[in-house]
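Q: Build the 3D model from these lines:
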Amino acid sequence: MTVQRAIPLVDLSTFVQGDPVQRKAFVEALGKAFHEIGFVGVVNHGIPKQLVDDFYAASKAFFALPVDIKRKYEIPGLAGQRGYTSFGKEHAKQSKVADLKEFFQIGQEVSNGAGSSEQYPANVRVEEMPDFARLGMELYKAFEKAGGHLLRAIAIHLGLNEPYFDEKIHNGNSILRAIHYPPITAEPESAIRAEQHEDINLITLLVGASAGGLQLLNKEGKWLDIVPEEGEIVINVGDMLQRLTNNYLKSTTHRVVNPPREEWHQPRLSIPFFLHPRSEMDLSCLPGCIDDQHPLAYEPITAGEYLDERLREIGLKK
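A: Residues are numbered from 1 along each chain as shown. As a prediction, the model looks like this:
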C-alpha cells in the first residue's frame, strides 16, 4: 500500500538545467508548496550522498565521545552559534522545558577581510576528529549552493529579479547543525525530542534523519509525519521568509516527537542547514505582498536584529 505523502515533491534539476517550460513548472510547484504548506521535498538537489554519509558518520563519532571531551568544544559567549551545545540547553520559544538534544554547529567562513570575527566567529576544530570540520564545511557549501537555487526560484515566484537573494545570502550567517537526540532513559518531564517550533531563518534544508519523528502541523491542526524517501531533502520556510513576504509564504510549525517506548533505546541523528542572509539584510515586508486584503503585518527589522531577538527567546543567548 502506498503511503500518502505529507508534502509535495519537486525535482531541482528541472530548474537548474531545465528548459523554460520546466523551469516555470518548478517555480509554480515550489511557490504553491511554500504558500500552502511551507514544506516541500526535493530530489536531484546536487548534494553528494557520499558527503552526507561521511558527515553523518563523523557526527555520530563526535557525539559518542565522552561528555567531558565534548564540553571542551562548548564556547561561552557564542550563543551556541559555533561548536558544541550540551544536552538540555535549548528550548522552543513558548516552552520552559529544554528539548531532548545536544548539537554541534558550523558557521560561515569568509576570506579577504569580508567580515569581522564578531560577525563570523571562527569555527571550532575538534582535536580528536580532524576531518569533522572539513567534512562539515564541504557539506555546508553544498547546502548553500542548493539553497541558492531554491531562493532564485522563489524570487521568480514573488515577481522579483531572479538573483534578488544572491547578494543577500553571499557570506550569510547560515548554520549547519548536527543534532543528536540520545536514547531516552527515563520518562521525559514534558519535553519531546524537539518541541513544536518554527525556524528563524529564510529556508531550512534537511537531509533524512537516522530515525523518524519529524512532524508538521497542517492547516486543519493535524500533525502529519514527514517521511523522506531515499536521496530526498526536506525544505521548509523559516520566519524570516514569512516575514519578508508578509505571511504569504508559510513558516509552518513542526516538531520531533519521541519514538514509541519500545524504541526509546534508539538515538536519532539529524543534519539541518539553516540558510540565513547577511545580518544587514532588511526584512521589511515586500511591497508586492501588501494590499487591502493583506495589510502590513510586521515592523521593519534587519536579519541580524531578528536573529538576536530569537536566540534570546530560545535560551541560547542571555
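Q: packing partners for the helix or strand bottoming out on mean pLDDT in the chain?
A: In the chain, no helix or strand scores lower on mean pLDDT, DSSP states H and E than strand 194-197, which sits at a mean of 74. Applying 3 or more C-beta pairs under 8 Å, 6 or more residues apart in numbering; DSSP states H and E, one finds that strand 194-197 contacts strand 254-256. Backbone N, C-alpha and C define where each C-beta goes, glycine included.
Q: buried ones in the strand it packs on?
A: Of all the residues in strand 254-256, those buried under the rule 16 or more other C-beta atoms under 10 Å are 254-256.
Q: Quick check: mean pLDDT of it?
A: Average pLDDT, strand 254-256: 85.
Q: neighbouring strands for that strand, and are they parallel or not?
A: As defined by DSSP bridges, the strand partners of strand 254-256 come to strand 194-197 (antiparallel), strand 214-217 (antiparallel).
Q: ok now the helix or strand just after the least confident helix or strand of the chain, how far from the chain's centre?
A: With elements assigned by DSSP states H and E, the helix or strand that comes after strand 194-197 is strand 203-207. Its chain's C-alpha centre and that of strand 203-207 lie 4 Å apart, by C-alpha atoms, centre = their mean, to the nearest Å.
Q: What pairs with strand 203-207, parallel or antiparallel?
A: Sheet pairing for strand 203-207, assigned by DSSP bridges, gives strand 233-237 (antiparallel), strand 268-275 (antiparallel).
Q: Just the CA atoms of that strand, as PDB, please.
A: What follows is strand 203-207, C-alpha atoms only, in PDB (Å, rounded to 0.1, in the frame of the first residue of the first chain):
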ATOM      1  CA  ILE A 203      14.700  28.400   4.500                       C
ATOM      2  CA  THR A 204      15.900  25.200   6.100                       C
ATOM      3  CA  LEU A 205      17.400  22.200   4.200                       C
ATOM      4  CA  LEU A 206      17.300  18.900   6.000                       C
ATOM      5  CA  VAL A 207      18.700  15.600   4.900                       C
END
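Q: Please enumerate the strands of the stretch 1-150 of the chain.
A: With DSSP state E, counting those that start in this stretch, the ranges of strands along the stretch 1-150 of the chain come out as 9-11, 39-43, 83-85, 102-107.
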